[in-house]
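Student: would you be able to build a 3D model of this:
(one chain, ligands or ions: 2)
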Amino acid sequence: MPRIVIASPDAIAEAANLLKAGEVVAIPTETVYGLAANALDDEAVAKIFKAKSRPAHNPLIVHIADIDQAENFVHITPLPRKIMNAFWPGALTIILPQKENSGISKLLSAELGTLALRMPAHKTARALLKATNLPLAAPSANASGEPSATTPRHVADSLGDNISFILADGACDIGLESTVLDLSDDVPTILRTGAITAQDLEPYAGNVMIDTGNKEKPKSPGQLLKHYAPKIPVRLNAVDVKPGEALLAFGSITFMGIEGGGSAKDLPESAYRNLSKDADLEEAARNLFTMLRDLDRPEHKTIAVMNIPDQGIGIAINERLGRAAEKQDIS
Ligand code: TXA
Ligand code: MG
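Tutor: Ligands and ions are numbered 1, 2, ... in the order given. Down below sits the predicted model:
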């Protein structure tokens, strides 16, 4: 099993040394845990793909410390700069045309000619970026196809002996992956929804399109993959619980019944989680992946999920749940 080391200054220094030496390290961010490596180093980047069993055609996000550093790797015109100034550091990944001589490993960008960049807000991630002075490639720290990890324990459960060092800093504040915004084309387009919504972006970006799954010709290779999927089926918009199901609730379950008799309130602890008893969408986002993992047990037939309002970060929660329910299995 990997070492799980609390993010003290010494641990951050050790992680920085490992990254500079070409190793992979799992790191906390405010969205989800990432599996980081030096983005300039082909061998280090190859280790990420191997540890995650990630298909080579799915490109990685590069994390940077500031806009000046980003400038080494991509062309930044006034619109992206305005958006960076407004939303960075934060849960927004921006795709831009990559510079010819960026030095970024070719393995990482899957020869798309573009690069996805994010400046994280998490203090430990920022300290690490500063200590290494490197652009850090970091996809979510989970085996490809599994839900993203939002705690050090989930990183260890998902990647196990494929990695050796987890820089641990508790549970992630947001709990869902960053919004991915493509600014490499004429129309700003969201390729993955997240905490930052189209509505948040429009005052800066003008009209924003959302394109999270054109299966014929996906803009984001990751859109093709079976993502965020528990092993057992997921049933959405449940208004009752069927025999043998587990319940992932949102808000009150006072009036929720079990088909054939009984109340959802009587479900055993192992078959019931509530994303947010107060119907708070931010709390629900934080809990989503942990609770899906908790309920993903072979003794349950299905995970029944209550309706979640399609507003704010609820849009991103519903996108993840929709993929989990669909079980797209193309990869
Ligand atoms: O919150 C996050 O974004 C986390 C933390 C660790 O920063 N990272 C993350 O990375 O979720 P990953 O690799 O699991 O998801 C990145 C997504 C993938 O769907 C990938 O296909 C897409 O971004 N992507 C990366 N580079 C791209 C590019 N140049 N063009 C289109 N899509 C790209
Ligand atoms: Mg991922």
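Student: okay, now the unreliable bits of the protein?
Tutor: Within the chain, the stretches with pLDDT under 70 are 214-228, 327-331.
Student: what ranges do the helices span in it?
Tutor: Using DSSP state H, the helices of the chain run over residues 9-20, 42-52, 67-70, 78-87, 106-109, 123-132, 152-159, 198-205, 281-295, 314-326.
Student: tell me how many other residues crowd the residue nearest to Glu146 when sequence neighbours are not counted.
Tutor: By the measure of Cβ to Cβ, 6 or more residues apart in numbering, the closest residue to Glu146 outside its immediate chain neighbours is Ser158, 5.4 Å from it. C-beta here means a position set from N, CA and C on the backbone, and glycine is covered the same way. Residues lying near Ser158 (other Cβ atoms under 10 Å) number 23.
Student: hang on, isn't Ser158 packed against Gly145?
Tutor: No - at 10.1 Å, Ser158 does not count as touching Gly145 under the criterion of Cβ atoms under 8 Å.
Student: and stretch 43-58, what's buried?
Tutor: For stretch 43-58, the buried set under the neighbour-count rule, 16 or more other Cβ atoms under 10 Å, comprises Ala44, Val45, Ala46, Lys47, Ile48, Phe49, Ala51, Lys52, Arg54, Asn58.
Student: what sits against the third one?
Tutor: Contact analysis of Ala46 by Cβ atoms under 8 Å, 6 or more residues apart in numbering lists Leu107.
Student: cutoff 10 Å now
Tutor: Each residue near Ala46 by Cβ atoms under 10 Å, 6 or more residues apart in numbering is listed here: Val24, Ala37, Ala56, Ser105, Leu107, Leu108.
Student: pull out the buried residues from the residues you listed.
Tutor: Buried members of these, scored by 16+ other Cβ under 10 Å, are Val24, Ala37, Ser105, Leu107, Leu108.
Student: closest to Leu167 out of those residues?
Tutor: The shortest approach to Leu167 among the buried ones among the contacts of Ala46 belongs to Val24, at 11.3 Å (Cβ to Cβ).
Student: shared neighbours, Ser158 and Gly145?
Tutor: With the criterion set as Cβ under 10 Å, 6+ apart, the overlap between the contacts of Ser158 and Gly145 is Lys52.
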